[in-house]
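*Asks:* Below: sequence and its predicted model.
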Amino acid sequence: MTTRIVLADDQASIRMGFRSILEAQPDLKIVGEADNGVAALRAAHSLKPDVLLADIRMPEMDGLELTREIARSMPSVRVVVVTTFDLDEYVHTALREGACGFLLKRSRSAVLVEAVRAAASGDSMISPEITTRLLSRFRRERRTVRQVSEPLTSREEEVARLVAEGLTNSEIGAELFISVGTVKTHLARLQKKLGVQNRVGIAAWAWESGMMAQA
């Protein structure tokens with residue numbers, strides 16, 4: 001099944017780069033582009049893509065407002081926010097407004113591809129660099145370790161540790177010699193057991209529990 005994507009960024013060179021990366025994959029197709037938020041909203045309504053890649057800073061309507069409008073009027077379109085600006089406020093706002101991914105433009109090509117695939121399948125992906133920085137703040141705050149609803153299996157603990165190290169699903173699969181589908185199954189179980197919404201929550205638990213100090 002092909003995932004249909006709209007690219008929204010005011011820089012043509014960025015859109016060209018993303019198109020080159022994504023259309024190299026047989027299951028991904030760019031069906032439209034927009035150079036501002038209003039045009040992106042129109043494109044989403046007319047083209048009905050599976051995924052919208054949206055820059056935060058765009059003319060006429062920024063990516064955060066665009067995310068909010070898409071979540072309100074077209075919840076079937078999954079928004080992945082992509083930005084140069086690595087600010088906690090942007091991350092929190094984007095996810096709160098309904099984005100299912102948050103990436104830095106300097107992220108590796110493999111992370112971009114995986115984020116789009118994750119969004120299309122209903123999952124979420126956050127740049128490993130952002131995850132690592134957020135975790136450093138969690139450690140400074142010394143939060144109470146979240147209690148698990150039931151014990152983790154040894155494999156689930158391995159997956160949690162690798163998520164905390166910033167590995168993508170594909171990299172975790174290669175490390176553990178399991179399929180990406182199996183990795184996703186473990187992530188879903190981890191989210192349920194830990195009571196978290198995404199891989200940042202899994203990674204935070206791994207650090208807070210002391211697991212990473214033992215790695």
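*Replies:* On my side now, so go ahead.

*Asks:* for the residue nearest to Glu157 when sequence neighbours are not counted, what are its contacts?
*Replies:* Of all residues not flanking Glu157 in the chain, Met211 sits nearest, at 6.8 Å (Cβ to Cβ, 6 or more residues apart in numbering). Yep, even glycine has a C-beta here, placed from its N, CA and C like the rest. For Met211, the contact set (Cβ atoms under 8 Å, 6 or more residues apart in numbering) comprises Glu157, Ala160, Arg161, Ala164.

*Asks:* now swap in Asp27 and tell me
*Replies:* For Asp27, the contacting residues are Met1, Thr2, Thr3, Arg117, by Cβ under 8 Å, 6+ apart.

*Asks:* Any stretches of the protein with poor pLDDT?
*Replies:* The chain contains residues with pLDDT under 70 at 86-88, 129, 131-147, 200, 212-215.

*Asks:* Report the separation between the residue most central in space within it and Val80.
*Replies:* Centroid-nearest residue in the chain, with Cα atoms, centre = their mean: Met125, separated by 2.0 Å. Taking Cβ to Cβ, to the nearest Å as the measure, Met125 falls 8 Å from Val80.

*Asks:* Pull up the overlap in contacts between these two.
*Replies:* Overlap of the contact sets of Met125 and Val80 (by Cβ under 8 Å, 6+ apart) consists of Cys100, Gly101, Leu103, Ala115, Ala119.

*Asks:* Of the residues you listed, just say which sits nearest to Val180.
*Replies:* Ala115 (13.4 Å; Cβ to Cβ).

*Asks:* mind checking the SS state of that closest one?
*Replies:* At Ala115 the chain is in helix, as set by DSSP: H, G, I helix; E, B strand; the rest coil.

*Asks:* residues contacting it?
*Replies:* Going by Cβ under 8 Å, 6+ apart, Ala115 touches Val80, Gly101, Leu103, Ser107, Met125.

*Asks:* The second one: neighbour count?
*Replies:* Here the count is done by other Cβ atoms under 10 Å, and Gly101 has 26 residues near it.

*Asks:* Is it correct that it is in contact with Ala118?
*Replies:* Yes. Assessed by Cβ atoms under 8 Å, Gly101 is found in contact with Ala118 at 6.6 Å.

*Asks:* shared neighbours, the two?
*Replies:* Common neighbours of Gly101 and Ala118 (criterion: Cβ under 8 Å, 6+ apart): Ser124, Met125.

*Asks:* rewinding a little: would you list the contacts of Asp27 in TSV and tack on secondary structure, neighbour count and distance to Ser170?
*Replies:* Output for the contacts of Asp27, formatted as TSV (DSSP: H, G, I helix; E, B strand; the rest coil; neighbours: other Cβ atoms under 10 Å; distance: Cβ to Cβ, whole Å):
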residue	secondary structure	neighbour count	distance to Ser170
Met1	coil	6	18
Thr2	coil	12	19
Thr3	strand	19	16
Arg117	helix	19	10
